[in-house]
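Asks: The sequence and its predicted three-dimensional model are supplied below.
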Amino acid sequence: HTTGKKGGSAGATMALLGQVQFIAIAGTVGGGAGVGQPAEAGELSKSVAWANMHIIPSFESSCPAMDNYLELRATVLSFLSSWAVSATVRFAVNRLVPVVLRRMGKQAPTDRSLLLAPAWDLVVLYAGILGLSESMGVAIGSGCGGYVGGGAGVLVFAIAVLGTVSWIFWHGAIQQGFVRFERISWAESKASFHEAWTHRNDHGVMGWLAAVQVRVEALQELAIRGAWNDELAEEEVSHGRHKWMHHFLLRYGPGLEGYTEWWVGLWGIARAVIIGLVLGNVKQQVSNGGAILAIYVVDMLLWVAFFPSDDRLLAITIAFASLCRVVQLSLTLAYLTGAIDDAERYTSAFFLACLIGLVPLAIQSIFGGLAVLLAKLGEIKAAFHAASTNMAQNLSNEVLGGASGAAVGVAGAALYANEVHAEVEGQLPGTPKGKAESPTAVNSRTREPRTLLSGPTAGMVFDLHSNRPNSTGSLVGLVPIEPRNSTGTFDLSHVDTSQIPGWTDPNTPPED
């Protein structure tokens, strides 16, 4: 199993959420609104506090430090509620979907098709840890006995989770080496981009939608840097060893997907815990602002040094956002030290820095979402067209007694077999030229295998609408074609092979 590309949207969306979460704490640096920073900065942070799990209204508190939206009990309840919802939905889907499929007479999904724990729980953890740590730090620094104890409990929980996930990733990805990131070089990405960009839409089925989708996928080919692979881990499990690594990426993928390094998500958790402790316990305003600035400088340097995103464009965008955070916190520190004494000018600069860091990530997230939408629309339209094509073919067979249908089917099978042979030789998108080792090609974008033809008598597919073979492996207007004679070979007497470039006889098996 490998982590696949999700239209570039997943990593960009999480990065966008991270930037909004930064804005939610930026106004509290140095003591918060009205204490260290102007009230307007604090109000901006409060307006997006929902991004940091400050969702449920705060409970009334006699502790002055907790009598606001950072109140610990409300934040913990929001976090646990989100976790409970994800676990409940996962449990319901895993139980209901197999039952429904069986009642429809279909095969129940395998465990690889289920929503395995703790994948969704990790998403909630990564999304909520900063807000949870923020309330934890304020609670510990409040001096109120009950809140201090509660904050300490949250701190122990955060450390335990960080230690557990770190152990899992370290042993799986580093010490054992069974989970690894397989990189794609810039040269390979350019070659895949060129193939995808110049590949024409020959289906005649989806029109402009397919044309746009091909171009978008070509841009994704250029951006992708590789994918995580856990095949070695699954091999160990099959031999009865390291069973805790079973379905590693399906279970722990959210901690790795979007990154090229195993430690990036873990650093995000550790950074959140440190920020929470600093915000709530470093009382001196300048020291508070300086410490938070130092944390984000380290964060920026790590990102610039490793560029640990699996998307080349997103890596640059996040590096830019990291620089904007450092600039914004530098302005805050200058205001806290008195170097900037004009509150109105500082507030304008604060708002501008927030906007500049946010917009590029928002644009890339929207682009990724549109790419996913285009892919889904293509799948839906292809499914409808395939259904209508099957109906037309069945009607044609009934009306024509199978004679004409057989001729069309044979021609389609021959064309498709010819294309498959060409793809195995590296002449079509799917396998770089000279790298085919078997009739199984590897898609350079998702790094997942795509099964091709294993012999001239195997089931074949053909696009009846455009009278051309389908050359992308997508399910656009395809119907199965079987051999039409008793010998198990194809009768090609109705096929004008002179009209087929690079013709190869489908009755001759392609060499592996």
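Replies: Arrived safely, thanks for sending.

Asks: Now stretch 22-41: buried residues?
Replies: 22-33, 36-38, 40-41 (16 or more other CB atoms under 10 Å). C-beta: built from backbone N, CA, C; applies to glycine.

Asks: cool, and stretch 53-69?
Replies: 53-56, 58, 61, 63, 65-66, 68-69.

Asks: Where helices are concerned, which of the buried residues of stretch 22-41 count?
Replies: With DSSP state H as the criterion, helices contain 22-26, 40-41 from among the buried residues of stretch 22-41.

Asks: of all these, which two lie farthest apart?
Replies: Taking CB to CB, the two most distant members of those are 22 and 40; they sit 17.2 Å apart.

Asks: Closest one of the ones in helices among the buried residues of stretch 22-41 to residue 279?
Replies: residue 25 (6.8 Å).

Asks: Over to the nearest residue to the closest one once chain neighbours are set aside: give its phi and psi.
Replies: Leaving out its chain neighbours, the residue that sits closest to residue 25 by CB to CB, 6 or more residues apart in numbering is residue 134, at 6.0 Å. Phi and psi for residue 134, reported as degrees, to the nearest 10, are phi -60, psi -50.

Asks: ok, now which ones touch residue 134?
Replies: Contacts for residue 134 (CB atoms under 8 Å, 6 or more residues apart in numbering) come out as 25, 28, 52, 70, 75, 275-276, 279-280.

Asks: ok, now with 10 Å
Replies: Shown in contact with residue 134 (CB atoms under 10 Å, 6 or more residues apart in numbering): 21, 24-25, 28, 49, 52-54, 70, 72, 75, 272, 275-277, 279-280.

Asks: Quick check: the gap between it and residue 85.
Replies: Look at residue 134 and residue 85: by CB to CB, to the nearest Å, they are 21 Å apart.

Asks: repeat for residue 179
Replies: 28 Å.

Asks: quick one, which of these two is more surrounded?
Replies: Between residue 179 and residue 85, counted using other CB atoms under 10 Å, residue 179 has the larger neighbour count: 25 against 12.

Asks: the helices in the stretch 101-250 of the chain, which residues?
Replies: Using DSSP state H, counting those that start in this stretch, the helices of the stretch 101-250 of the chain run over residues 119-140, 145-169, 186-198, 208-223, 231-238, 248-252.

Asks: could you pull out the strands for the stretch 301-450 of the chain?
Replies: 440-442, 449-451 (DSSP state E, counting those that start in this stretch).

Asks: The first one - what's its average pLDDT?
Replies: Strand 440-442 shows a mean pLDDT of 35 in the predicted model.

Asks: And the last one, by the same measure?
Replies: Summarised as a single mean, pLDDT over strand 449-451 is 34.

Asks: same check, this time on stretch 339-358
Replies: Averaging pLDDT along stretch 339-358 gives 93.

Asks: buried stuff in it?
Replies: In stretch 339-358, counting by 16+ other CB under 10 Å, buried: 346-347, 349-350, 353-354, 357-358.

Asks: what's the burial count for residue 170?
Replies: Around residue 170 there are 14 residues (other CB under 10 Å).

Asks: ok, for it, nearest residue in space, not its chain neighbours?
Replies: Residue 170 sits nearest to residue 262 (CB to CB, 6+ apart), 7.6 Å away.

Asks: Assign a three-state SS to the one you found, would you?
Replies: coil (DSSP: H, G, I helix; E, B strand; the rest coil).

Asks: mind listing what residue 171 touches?
Replies: 177-179, 242, 244-245.

Asks: And the pLDDT for it?
Replies: pLDDT, residue 171: 83.

Asks: Residue 330 now?
Replies: For residue 330, the predicted pLDDT is 96.

Asks: if I read this right, it contacts residue 300, doesn't it?
Replies: No. The pair residue 330 and residue 300 does not pass the contact test of CB atoms under 10 Å, sitting 11.4 Å apart.

Asks: for the stretch 101-250 of the chain, which spans come out with low pLDDT?
Replies: Per-residue confidence for the stretch 101-250 of the chain (pLDDT under 70) gives these ranges: 108-113, 199-211.

Asks: Correct me if wrong: residue 191 contacts residue 218.
Replies: No. Counting by CB under 10 Å, residue 191 stays clear of residue 218, with 11.5 Å between them.

Asks: which one among the buried residues of stretch 53-69 gets closest to residue 234?
Replies: residue 53 (34.6 Å).

Asks: Run through the residues that contact the residue nearest to that closest one when sequence neighbours are not counted.
Replies: Of all residues not flanking residue 53 in the chain, residue 131 sits nearest, at 3.8 Å (CB to CB, 6+ apart). Neighbour list for residue 131: 21, 24-25, 49-55, 70, 75, 78-79, 272, 276 [criterion: CB under 10 Å, 6+ apart].

Asks: change it to 6 Å
Replies: 52-54 (CB atoms under 6 Å, 6 or more residues apart in numbering).

Asks: Export the residues you listed as a markdown table, with columns for pLDDT, secondary structure and distance to residue 139.
Replies: What follows is the contacts of residue 131, written out as a markdown table (pLDDT from 0 to 100; DSSP: H, G, I helix; E, B strand; the rest coil; distance: CB to CB, whole Å):
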| residue | pLDDT | secondary structure | distance to residue 139 |
| --- | --- | --- | --- |
| 52 | 93 | helix | 15 |
| 53 | 91 | coil | 14 |
| 54 | 92 | coil | 13 |
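
Asks: Would you format the residues you listed as a markdown table with distance to residue 258 included?
Replies: As requested, the contacts of residue 131 are exported to a markdown table (distance: CB to CB, whole Å):
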| residue | distance to residue 258 |
| --- | --- |
| 52 | 20 |
| 53 | 21 |
| 54 | 25 |
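
Asks: between the residues you listed, which is closest to residue 121?
Replies: Taking those together and measuring to residue 121 by CB to CB, the closest member is residue 53, at 14.2 Å.

Asks: what sits against that closest one?
Replies: Going by CB under 6 Å, 6+ apart, residue 53 touches 75, 78-79, 128, 131.

Asks: Please report which of those residues has the highest neighbour count.
Replies: residue 75 (28 neighbours).

Asks: can you tell me the helix or strand for it?
Replies: Assigned by DSSP states H and E, residue 75 belongs to helix 72-103.

Asks: what does residue 46 give?
Replies: Assigned by DSSP H and E, residue 46 falls in helix 39-47.

Asks: Just the mean pLDDT for that helix, thanks.
Replies: The pLDDT scores in helix 39-47 average 90.

Asks: what's that helix packed up against?
Replies: helix 343-400 (3 or more CB pairs under 6 Å, 6 or more residues apart in numbering; DSSP states H and E).

Asks: give me that answer again for 10 Å
Replies: Contacts defined by 3 or more CB pairs under 10 Å, 6 or more residues apart in numbering; DSSP states H and E place helix 39-47 against helix 9-26, helix 343-400.

Asks: Can you report how many residues neighbour residue 142?
Replies: Neighbour tally, residue 142, other CB under 10 Å: 23.

Asks: Pretty sure it sits against residue 152.
Replies: No. Using CB under 10 Å, residue 142 makes no contact with residue 152, being 11.7 Å away.

Asks: Return the residues in contact with residue 308.
Replies: If you count contacts by CB under 10 Å, 6+ apart, then residue 308 has 181, 225, 258-265, 267, 302, 315, 318 around it.

Asks: Save those residues as JSON lines, and put in neighbour count and distance to residue 100 too.
Replies: As requested, the contacts of residue 308 are exported to JSON lines (neighbours: other CB atoms under 10 Å; distance: CB to CB, whole Å):
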{"residue": "181", "neighbour count": "19", "distance to residue 100": "36"}
{"residue": "225", "neighbour count": "20", "distance to residue 100": "38"}
{"residue": "258", "neighbour count": "25", "distance to residue 100": "32"}
{"residue": "259", "neighbour count": "22", "distance to residue 100": "35"}
{"residue": "260", "neighbour count": "19", "distance to residue 100": "38"}
{"residue": "261", "neighbour count": "17", "distance to residue 100": "40"}
{"residue": "262", "neighbour count": "22", "distance to residue 100": "37"}
{"residue": "263", "neighbour count": "18", "distance to residue 100": "40"}
{"residue": "264", "neighbour count": "17", "distance to residue 100": "38"}
{"residue": "265", "neighbour count": "24", "distance to residue 100": "34"}
{"residue": "267", "neighbour count": "17", "distance to residue 100": "41"}
{"residue": "302", "neighbour count": "17", "distance to residue 100": "46"}
{"residue": "315", "neighbour count": "22", "distance to residue 100": "41"}
{"residue": "318", "neighbour count": "27", "distance to residue 100": "40"}
